[in-house]
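In: sequence and predicted structure below; questions after.
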Amino acid sequence: MKRRVTAMEARKRLGELLESVYHRGDEVVIERAGKPMAVVIPAARYEAMERNRDELRKLIAEIRAANAADPPEEIYADVAAAVREVRDERSRKRTA
């Protein structure tokens, strides 16, 4: 469950919030003056996010290395062509 609490409420009920995050997997958005300032999530979810981020960084590095010899204009043209292809396919599915 995702909940929103004020910073003052989080300060007063930190132990309870931590228990709900740990045991039930809740997410708690802490706000100050109605503006989200932080989110408390289960440690396992955070660790998974970190692993995913590390894997994404490795993939990006591999892609950059593989495309290092290609001029940026060629890469942009390939991406634009791929986007057009996907959009055309979606359009065909809608009209079918």
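Out: Okay, I see it.

In: all helices of the protein, in order?
Out: Taking DSSP state H as the criterion, the chain contains helices spanning 7-12, 14-24, 43-66, 72-95.

In: gap between residue 77 and residue 71?
Out: Using C-beta to C-beta, to the nearest Å, residue 77 is found at 10 Å from residue 71. Just so you know, the C-beta spots here come from the backbone N, C-alpha and C atoms, and that holds for glycine as well.

In: next: residue 30.
Out: Between residue 30 and residue 71 the distance is 46 Å, computed by C-beta to C-beta.

In: which one's more surrounded, the two?
Out: Ranked by neighbour count (other C-beta atoms under 10 Å), residue 30 and residue 71 place residue 30 first, with 20 against 9.

In: contacting residues for that one?
Out: 5, 6, 7, 10, 36, 37, 38, 39, 40 (C-beta atoms under 8 Å, 6 or more residues apart in numbering).

In: repeat that with 6 Å
Out: Residues in contact with residue 30, defined by C-beta atoms under 6 Å, 6 or more residues apart in numbering, are 5, 7, 10, 37, 38.

In: tell me the contacts of residue 3?
Out: Residue 3 makes contacts with residue 28, as judged by C-beta under 6 Å, 6+ apart.

In: mind pulling the model confidence for it?
Out: Looking at residue 3, its pLDDT is 94.

In: so how far is residue 46 from it?
Out: Separation of residue 3 from residue 46 (C-beta to C-beta) stands at 17 Å.

In: then residue 89?
Out: 36 Å.

In: go on, residue 87?
Out: Taken as C-beta to C-beta, the span from residue 87 to residue 46 is 35 Å.

In: no further queries at this time; thank you.
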